[in-house]
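*Asks:* Okay, sequence plus prediction incoming.
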Amino acid sequence: MRTEHDAARTADDRRAHRDLAVCPTAAQRPERNPIPPITCRSSPHEHTIELTPDNFNEVISGNDFVVIDFWAEWCGPCRKFGPVFEQVSDKHEGVVFAKVDTEAQRELAQAFEIISIPTLMLVRDQIAIFRQAGALPEAGLDDLIHQARSLDMNEVRASRTTADKNQ
């Protein structure tokens, strides 16, 4: 039996999900209304690149700092976050901004266990230092990039080595 408390909690859960601005991935969408895969195309923006299985390792190993947006065309929050991602890419020299279309590049989405989109991942020196589902405002993404730049990667590597030894 549903109580008034249950109804309020359900409404709070819906608000929290909406506020996070996250879409389920294609694997989580109901099958009753399937959406055909979208063909991959290059990013029209000069500061972002489209990541594929063919160029992923080259991009990650060839750059010190990569910001990756996992997205899909059918995802409303992804479409809202896209222009923010593009605007921020104009401001940060030395940072590669890349996008992974989770519909066209399912192999990459599965490899990184992407279950909600948009998902943002920051990679420095070939180490994933941040991963979070949900759209960020421009100021939040700028701040995140500044924080990531200020990380001492020697400390990050030492921490990872310690964690690996303890497993």
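*Replies:* Now that the structure is in, tell me what you want to look at. Numbers count the residues shown, from 1 in each chain.
*Asks:* show me the contacts for Arg157.
*Replies:* If a contact means Cβ atoms under 8 Å, 6 or more residues apart in numbering, then Arg157 has Asp125, Ile127 as its contacts. All C-beta spots, glycine's among them, are computed from the backbone N, C-alpha and C.
*Asks:* That one and Gln105: what is the separation?
*Replies:* As for Arg157, its distance to Gln105 is 28 Å (criterion: Cβ to Cβ, to the nearest Å).
*Asks:* what does Asp125 give?
*Replies:* Relative to Gln105, and taking Cβ to Cβ, Asp125 is found at 23 Å.
*Asks:* So between these two, which is more surrounded?
*Replies:* More crowded of Asp125 and Gln105, by other Cβ atoms under 10 Å: Gln105, with 22 against 15.
*Asks:* In this structure the more buried one contacts Thr52, no?
*Replies:* Yes - with contacts defined as Cβ atoms under 8 Å, Gln105 counts as touching Thr52 at a distance of 5.8 Å.
*Asks:* next one: phi and psi at the spatially closest residue to Phe65 that is not a sequence neighbour?
*Replies:* Of all residues not flanking Phe65 in the chain, Val95 sits nearest, at 4.7 Å (Cβ to Cβ, 6 or more residues apart in numbering). Here is the backbone geometry of Val95 (degrees, to the nearest 10): phi -120, psi 130.
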